[in-house]
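Novice: Got a sequence here, can you build the structure:
(one chain, ligands or ions: 2)
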Amino acid sequence: MTGLITKIEEIVRERFANDSTGHDWWHIDRVRKNALRLASAESADPEVTELAALLHDIADHKFHGGDLSVGPATAKALLDELGCEQHIISQVVTIVTEVSFKGAGVETAVSSKEAACVQDADRLDAIGAIGVARAFAYGGKNDRLLYHPDHKPTLHADFHSYYNDKGHTINHFYEKLLLLKDRMQTASGKAEAESRHQFMKQFLDEFYREWG
Ligand code: ADP
Ligand code: NI
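Specialist: Numbers count the residues shown, from 1 in each chain. Ligands and ions are numbered 1, 2, ... in the order given. All right, here's what the predicted structure looks like:
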């Protein structure tokens, strides 16, 4: 298993080396480390957690026309090719399917402790100071305005309206980032999300003050 994790790490590190959307290798590495920290508190399987964390964004729907099936399929193909055991592949593929946020009104339940740890770690990296940095990196790369005072946020009821919304980046805080602290799955994830949430609120207060 250690050899498999090292191989996956090498592949992912290379594939994500030059990303400028906030989904670079260091995002994957932070998610992996936080997921392992949560896994130890939750007594989740560290190897399944680490593999899924490394593969969670391998073919993200945001970069594949909103297709949610490409990520799990790519993860499965890679693990198959490397000779991973089928019962591990099936756990990892389920986690990759469950991890993503899909709109304010869409429930994203998890079916295992390992999935809870990977989803929480990915969500922690979307909030706080790093979350702010990543949101504006993504917005810039995708031609979004920083802010438009007349364009109000939408709480999307389904994945397609969430995916197709090309609104300004400040709206993304209300449509996703500020909602995450109440959707954390683990106790330690929730505690860390609380302080990152407060930081984002301070950031928004200061942003509006400077905007005038
Ligand atoms: P998820 O799978 O839950 O979307 P990711 O690891 O792929 O999680 O990262 C999502 C991050 O991408 C967001 O937290 C944000 O930083 C950025 N992002 C996605 N959509 C937008 C958007 N519309 N505006 C700004 N940032 C966005
Ligand atoms: Ni991610």
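Novice: Tell me the secondary structure of residue 44, please.
Specialist: coil (DSSP: H, G, I helix; E, B strand; the rest coil).
Novice: Now do the same for it: its pLDDT.
Specialist: pLDDT for residue 44: 98.
Novice: how far away is the residue lying closest to it once chain neighbours are set aside from residue 43?
Specialist: Spatially, and ignoring its direct neighbours in sequence, residue 44 is nearest to residue 113 (3.9 Å; CB to CB, 6 or more residues apart in numbering). From N, CA and C alone the C-beta is placed, and that goes for glycine too. Using CB to CB, to the nearest Å, residue 113 is found at 7 Å from residue 43.
Novice: More neighbours: which of those two?
Specialist: Just comparing residue 113 and residue 43: by other CB atoms under 10 Å the higher neighbour count belongs to residue 113, 17 against 8.
Novice: OK, contacts around the more buried one?
Specialist: By CB atoms under 8 Å, 6 or more residues apart in numbering, residue 113 lies in contact with 39, 42-45.
Novice: Please, a ChimeraX command that selects the buried ones among the residues you listed?
Specialist: The following ChimeraX line selects those of the contacts of residue 113 that are buried, judged by 16 or more other CB atoms under 10 Å:
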select :39,42,44,45
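Novice: Could you find which two of the contacts of residue 113 are furthest from each other?
Specialist: 42 and 45 (9.9 Å; CB to CB).
Novice: show me where pLDDT drops low in this protein?
Specialist: Residue ranges of the chain with pLDDT under 70: none are present.
Novice: Write out the residues of it neighbouring ligand 2.
Specialist: Selection of the chain residues close to ligand 2 by CB under 5 Å from the ion yields 57, 122.
Novice: Quick test: name the residue nearest the centre of the chain.
Specialist: Against the mean C-alpha coordinate of the chain, by CA atoms, centre = their mean, the closest residue is residue 122 at 3.7 Å.
Novice: For that residue, give its distance to ligand 1.
Specialist: Residue 122 is 5 Å from ligand 1, where distance means CB to the nearest ligand atom, to the nearest Å.
Novice: And for residue 46?
Specialist: Separation of residue 46 from ligand 1 (CB to the nearest ligand atom): 20 Å.
Novice: contacting residues for that residue?
Specialist: Counted by CB under 8 Å, 6+ apart, residue 46 has contacts 36, 39-40.
Novice: rewinding a little: and the residue nearest to the centre of the chain, what helix or strand is that in?
Specialist: helix 113-124 (DSSP states H and E).
Novice: Just the C-alphas of that helix, formatted as CSV.
Specialist: As requested, the backbone C-alpha atoms of helix 113-124 are provided in CSV (Å, rounded to 0.1, in the frame of the first residue of the first chain):
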residue,chain,number,x,y,z
LYS,A,113,-15.7,7.9,8.1
GLU,A,114,-12.9,8.2,5.5
ALA,A,115,-15.2,10.2,3.2
ALA,A,116,-16.1,12.5,6.1
CYS,A,117,-12.4,13.2,6.7
VAL,A,118,-11.6,13.9,3.0
GLN,A,119,-14.7,16.0,2.5
ASP,A,120,-14.0,18.0,5.7
ALA,A,121,-10.3,18.5,4.7
ASP,A,122,-11.3,19.7,1.2
ARG,A,123,-13.8,22.1,2.7
LEU,A,124,-11.3,23.5,5.3
